[in-house]
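Undergrad: From the sequence below, what's the structure:
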Amino acid sequence: MGVKVLIVDDHKIVRDGLRILLARRQDMEIVGEAADGAAAVKLTEELSPDVVIMDISMPGLNGIEATRLILAGRPGIKVIALSMYSDRTFVSAALKAGASGYLVKECAFEELVRAIHAAMADQVYLSPSIAHIVLEDYVNDPPGTQSSSSASLSAREREVAALLAEGKTTRQAAQCLHLSPKTIETHRTHVMKKLGLCSLADLVRYAIREGLTPLEV
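TA: The predicted structure follows:
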């Protein structure tokens with residue numbers, strides 16, 4: 001069975017196009033479609049998809065709020081924002097809501113596939129055309145909570161943060177540092193708590209701002 005995907009977009013032609021393209025792949029399985037955020041939240045509970053492809057701008061409950069609600073109830077699900085908007089307001093809001101990726105609708109289908117695979121590997125994927133927004137936001141206007149607490153990390157915690165932000169899984173990070181996966185999870189918990197972070201996307205932004213990892217997304 002392939003990656004279970006839920007498609008959310010208020011335009012039927014977009015949903016139809018994505019369904020047709022994704023259905024051609026043997027490693028993908030379309031489990032449902034929704035035309036608004038409220039329906040997306042409901043279907044997520046019913047269908048338990050692995051990945052939700054989420055339009056940002058929809059009537060009623062928008063994609064950002066839907067993402068927040070979905071991840072509050074099922075944090076293991078990956079949400080990839082797909083939007084016609086590329087300005088920092090939408091990109092930052094989607095990542096703060098917990099999205100594992102942000103793509104602009106002008107991107108090629110292959111880029112969406114890469115984003116899905118990255119999300120399933122616990123990585124964050126950004127369209128190259130908007131990746132600079134994350135860097136600018138966290139270099140020029142870093143959140144006070146993260147800046148004030150960055151010095152509290154131990155050397156080991158900074159190593160763990162860097163590896164996880166680079167897309168390493170817990171097991172891979174454990175192998176790199178010759179530690180047990182359980183120890184990595186403990187360090188990750190301490191890092192997130194010390195920095196006041198809520199998601200992997202937050203950790204990626206912190207690592208970029210602090211220079212722990214290059215912006216290669």
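Undergrad: ok, residues contacting the helix of greatest length in the chain?
TA: The residue-count maximum for a helix in the chain (DSSP state H) belongs to helix 181-195. By Cβ atoms under 8 Å, 6 or more residues apart in numbering, the residues outside helix 181-195 that reach it are 145-146, 149-150, 152-153, 156-157, 160-161, 164, 170-171, 173-174, 177, 197-198, 202-203, 206. All C-beta atoms are positioned from the backbone trio N, CA, C, and that covers glycine.
Undergrad: one more time with 7 Å, if that's ok
TA: Residues from elsewhere that reach helix 181-195, judged by Cβ atoms under 7 Å, 6 or more residues apart in numbering: 146, 149, 152-153, 156-157, 160-161, 164, 170-171, 173-174, 206.
Undergrad: Equivalent analysis for stretch 159-177, please.
TA: 121-123, 153, 180-181, 184-185, 187-188, 191, 203-204, 207, 212-213.
Undergrad: Please apply the same query to stretch 73-85.
TA: Residues contacting stretch 73-85 (Cβ under 7 Å, 6+ apart): 44-45, 49-57, 63, 67, 70-71, 90, 94, 98-105, 115-116, 119-120.
Undergrad: Contacts only, for the residue nearest the centre of the chain.
TA: Central residue of the chain (Cα atoms, centre = their mean): S100, 0.8 Å from the mean position. Under the criterion of Cβ under 7 Å, 6+ apart, the contact list for S100 reads K78, V79, I80, A119, V124, A201.
Undergrad: What is the subsequent helix or strand relative to the least confident helix or strand in the chain by mean pLDDT?
TA: Here the helix or strand of the chain ranked lowest by mean pLDDT, DSSP states H and E is helix 144-149, holding a mean of 44. Downstream of helix 144-149, the first helix or strand assigned by DSSP states H and E is helix 155-165.
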